[in-house]
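J.: what follows is a predicted structure for the sequence shown.
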Amino acid sequence: MERPLPGCATLAIGSLPHTDAEAAVEMMFRHNPVCPGWPQLPKIDFREGMYIQYAEGMPAAVVEEAGRRIWFDLEKAPEGMAFFYEHYLEDDLGFLAISPDYARGFELTAARLPSPGARFAKGQVTGPVSFGLSVTDAAQKPVLYHEDLFEAIVKTLAFKGRWQAERFRQAAPDLQPVIFFDEPYLTQVGSAMISLPPEQVVACLNECYAAIDGYTGTHVCGGTDWGLLASTEVDILHFDAFRHMQELLIYEQEIAAFMERGGMLAWGIVPTGKKAFERNARELAEMVQRGAEKIAGFGGSMTEETVLESSFISESCGLGSRDEETAERCLSLAAEVSDVLSP
């Protein structure tokens, strides 16, 4: 299959503030016609939060309704991992499916595919580093530091992404699946608070990317070591281009190599707060154009036009904590920026 390029099409992070799943799906398709994605809806149910949402099938995971949280019971880990690996080694993908109780928007989205004008179908999973550092055992120790259990968690997350990609291919064989492994916690890696070997970050992310028959992406909310991420096997880097563009642009050699190997960028150029109402599409498009011009100057065969052809346009972060008016404004403004930049 020919490798499709986005050409400044819109792509959404995923989370929306809606309590009506049908309305959320409708908004996603309306503003992201080339790359529709399913909405995460944390205000409907705590199980649609970004960590709990992918807990089904994880060994020793405890989803606590009263506390609206997830944690891991280490006493149950040996039995849980034995049961998990029995299914994993049989390649039982259905065992790690995401049920409607945990993702009301997924099947509603799949049922509408293929849709007019679509070339991609997007899903998302919480990335292994962010999951491993945010979710703990009963003693509040992050599960990333329980080596055997964390290995099973990485495999679970990889399969959650693979399940989505295969479900999209069932619904629309001609569309290219795009599966993101979102890593908000990577803004902290390398800080005094977190000591995590770079090779471990690369290894667990690459294991997730390798599971996907389609494009892979990673979103980071702020500044991070983009050189490290660019060295992985990821296809799309999503960054906050409104507030943190310079943090990406300092990695000239790494980003140049990433783009030369066929990597793509998702420009989170639309701010997700009140500033979305203060900005217009043309000035945001000009920010993207200036950034693309700088990247084209990093060397190789890139031009501003080829950088933009390999770019998505997006909001800077998820919208699940915002109100519906703000979400509508952000997605519609991203679509307007896309219209300005698209050939």
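T.: Arrived safely, thanks for sending.

J.: C-alpha from now on. contacts and neighbour counts both.
T.: Fine.

J.: all strands of the stretch 51-200 of the chain, in order?
T.: Per DSSP state E, counting those that start in this stretch, the stretch 51-200 of the chain carries strands over the ranges 61-64, 69-72, 120-126, 176-182.

J.: can you get me a residue count around the nearest residue to Leu93 once chain neighbours are set aside?
T.: Nearest non-adjacent residue to Leu93, counting by CA to CA, 6 or more residues apart in numbering: Trp163, 6.3 Å away. Number of residues near Trp163 (other CA atoms under 10 Å) recorded here: 21.

J.: before we move on, what about Asp45?
T.: Around Asp45 there are 16 residues (other CA under 10 Å).

J.: need the contact list for it.
T.: Tyr102 (CA atoms under 8 Å, 6 or more residues apart in numbering).

J.: try it again with 6 Å
T.: Going by CA atoms under 6 Å, 6 or more residues apart in numbering, Asp45 touches no other residue.

J.: what's the answer for Thr216, then?
T.: Val178, Ile179, Phe180, Tyr209, Val234, Asp235 are the contacts of Thr216 under CA under 6 Å, 6+ apart.

J.: quick one: pLDDT of it?
T.: Note for Thr216: predicted pLDDT of 98.

J.: unless I misread the structure, it falls within a strand.
T.: Yes: judged by DSSP: H, G, I helix; E, B strand; the rest coil, Thr216 forms part of a strand.

J.: strands of the stretch 201-343 of the chain, residue ranges please.
T.: Using DSSP E, counting those that start in this stretch, strands in the stretch 201-343 of the chain cover 215-219, 236-239, 264-270, 311-315.

J.: quick one: Val178 from Ala12, how far?
T.: Distance of Val178 to Ala12, given as CA to CA, to the nearest Å: 11 Å.

J.: leaving out chain neighbours, which residue sits closest to the residue of the chain positioned farthest from its centre?
T.: Distance from the C-alpha centroid of the chain peaks at Glu75, with 31.8 Å (CA atoms, centre = their mean). Nearest residue to Glu75, sequence neighbours excluded (CA to CA, 6+ apart): Ala60, at 8.0 Å.

J.: what does Glu309 give?
T.: Counting by CA to CA, 6+ apart, the nearest residue to Glu309 once its immediate chain neighbours are dropped is Gly7, at 4.0 Å.

J.: what do you get for Leu5?
T.: Ser310 (5.7 Å).

J.: looking at Val178 and Ala12, which one has more neighbours?
T.: Neighbour count, other CA under 10 Å: between Val178 and Ala12, Ala12 has more, with 29 against 26.

J.: in contact with the closest residue to the more buried one other than its chain neighbours, which residues?
T.: Excluding its sequence neighbours, the residue lying closest to Ala12 (CA to CA, 6+ apart) is Ser314, at 5.7 Å. Residues near Ser314 by CA under 6 Å, 6+ apart: Thr10, Leu11, Ala12, Trp267, Gly268, Ala334.

J.: the second one: neighbour count?
T.: Applying other CA under 10 Å, we find 32 residues neighbouring Leu11.

J.: same question, the fourth one
T.: Taking other CA under 10 Å as the neighbour definition, Trp267 ends up with a count of 28.

J.: look at the closest residue to it other than its chain neighbours and report its pLDDT.
T.: Among residues not flanking Trp267 along the chain, Ile313 sits closest, at 5.0 Å (CA to CA, 6+ apart). For Ile313, the model assigns a pLDDT of 98.

J.: repeat that for Met1.
T.: pLDDT at Met1 comes out at 54.

J.: next one: Gln188
T.: At Gln188, pLDDT is 80.

J.: where does the residue nearest to Glu309 sit: helix, strand or coil?
T.: coil.

J.: gap between stretch 323-331 and the chain center?
T.: Distance of stretch 323-331 from the chain centroid (CA atoms, centre = their mean, to the nearest Å) equals 19 Å.

J.: could I get the CA-only coordinates of it as CSV?
T.: Below are the C-alpha coordinates for stretch 323-331, written out as CSV (Å, rounded to 0.1, in the frame of the first residue of the first chain):
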residue,chain,number,x,y,z
ASP,A,323,-16.0,22.7,28.5
GLU,A,324,-17.8,21.8,25.2
GLU,A,325,-17.7,25.3,23.9
THR,A,326,-13.9,25.4,24.2
ALA,A,327,-13.6,22.0,22.7
GLU,A,328,-15.7,23.0,19.7
ARG,A,329,-13.6,26.2,19.3
CYS,A,330,-10.3,24.3,19.4
LEU,A,331,-11.2,21.6,16.9
